[in-house]
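Novice: Fold the stuff below for me.
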Amino acid sequence: MAATQTREAILSTYFGSMAASIWKLLPSIDAETSAQNYTFMDMDVFNALIHQNPERAQAIYWREMTLRIHLACCASLLRHADWLNTLLLAVKEDNLFGALAACRGFLESAADTFYSLGTVPKTLAPNLALIRARIREKPTATIFLSKELEDALIHFSHGRKLQRSEAAEPMHAAKQMREYLESLKRGGVSQVHDYYSQLCSITHPSAETVMIWFEGEKEGDQVVWRRTNITHRDRIDRFLLGWKETNELVVAAAFVPALMSLRMLHKLDFLPKISSLKSFPLEKMPAWKEFERHLRR
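Specialist: Numbers count the residues shown, from 1 in each chain. This is a model prediction of the structure:
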């Protein structure tokens with residue numbers, strides 16, 4: 001069945017209709033953002049500017065912060081797309097190990113993204129008017145920064161396993177995967193740890209990756225193990241359909257915060273307007289309706 005289905009149909013079958021809709025959007029989002037460059041001031045120069053011209057420093061700070069948001073959103077969408085594309089290729093070839101390895105990769109990508117970007121729309125929406133004012137260097141007697149948002153964005157772009165002798169800021173250190181998965185659980189993906197465990201049982205050498213090839217049957221006082229007639233296509237179908245509800249929640253957590261953030265950033269004239277985003281029905285989501293009330297100010 002999978003060999004004759006379109007990619008959108010496969011995604012809809014295993015990951016829900018939202019996954020299929022987003023998949024159609026991704027090429028146009030990529031095309032409309034690919035020319036965007038991201039420039040960041042040297043920290044020593046910026047620290048000197050804070051004392052010389054605080055208003056200008058705040059303008060640079062928030063311009064760069066919104067650039068970091070944009071970069072993180074685009075990078076997350078590209079990474080998710082590649083994992084899903086790998087999954088689709090494996091499904092079409094009835095490749096069980098490839099399909100579940102790609103599914104695990106997508107889940108890890110989603111967890112990493114949600115850990116850093118999941119709350120960005122909640123931070124951005126109520127503060128966007130103030131951010132725009134700071135970028136325009138409107139006179140102010142207050143300093144407006146967000147260390148928490150800054151650290152989250154830097155962790156997303158720079159988080160990695162540090163070498164023992166490597167000197168780096170704490171936000172550069174990658175977390176254990178359990179911590180990233182736990183953020184998904186807090187975001188509503190209640191079965192994410194069990195799901196990840198089952199994916200790992202296939203993508204790691206284990207009893208499951210031995211016994212999938214055989215079926216045991218008791219004959220008299222013996223048990224005879226014979227090669228199974230269950231196909232890899234059947235196993236892929238059974239596994240992904242069994243976890244479809246969880247996959248739908250993972251898709252929402254992986255994509256929606258980035259899509260919301262990119263839509264909010266349309267308010268800034270130095271970032272591209274992504275026309276295709278308007279076809280994605282954010283307006284039907286209760287959270288977006290609340291964000292829109294802030295964005296209209």
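Novice: And whichever helix in the chain runs longest, what does it pack against?
Specialist: Identified as the longest helix of the chain according to DSSP state H is helix 54-92. Packing contacts for helix 54-92, counted by 3 or more C-beta pairs under 8 Å, 6 or more residues apart in numbering; DSSP states H and E, involve helix 7-15, helix 17-33, helix 43-52, helix 96-117, helix 120-135, helix 147-158, helix 244-264. Using the backbone N, CA and C atoms, a C-beta is placed for each residue, glycine as well.
Novice: could I get those as JSON lines with mean neighbour count?
Specialist: Listed next are the helices and strands packed on helix 54-92 as JSON lines, based on neighbours: other C-beta atoms under 10 Å:
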{"stretch": "helix 7-15", "mean neighbour count": "19"}
{"stretch": "helix 17-33", "mean neighbour count": "17"}
{"stretch": "helix 43-52", "mean neighbour count": "11"}
{"stretch": "helix 96-117", "mean neighbour count": "23"}
{"stretch": "helix 120-135", "mean neighbour count": "19"}
{"stretch": "helix 147-158", "mean neighbour count": "16"}
{"stretch": "helix 244-264", "mean neighbour count": "22"}
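Novice: want to try a markdown table for these, with distance to T231 as columns?
Specialist: Converted to a markdown table, these look like this (distance: least, C-beta to C-beta, whole Å):
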| stretch | distance to T231 |
| --- | --- |
| helix 7-15 | 17 |
| helix 17-33 | 24 |
| helix 43-52 | 57 |
| helix 96-117 | 9 |
| helix 120-135 | 43 |
| helix 147-158 | 39 |
| helix 244-264 | 20 |
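Novice: Quick check: the gap between Y180 and V120.
Specialist: For Y180, the distance to V120 (C-beta to C-beta, to the nearest Å) stands at 16 Å.
Novice: out of the helices and strands packed on helix 54-92, nearest to R233?
Specialist: The minimum distance between R233 and the helices and strands packed on helix 54-92 falls on helix 96-117, with 8.3 Å, by C-beta to C-beta.
Novice: what's the angle from that closest one to helix 244-264?
Specialist: With axes from the mean of the first three to the mean of the last three C-alpha atoms, to 10 degrees applied, the angle from helix 96-117 to helix 244-264 works out at 40 degrees.
Novice: helices and strands around helix 96-117, which ones?
Specialist: Judged by 3+ C-beta pairs under 8 Å, 6+ apart, the packing partners of helix 96-117 are helix 54-92, helix 147-158, helix 177-186, helix 192-203, helix 232-242, helix 244-264.
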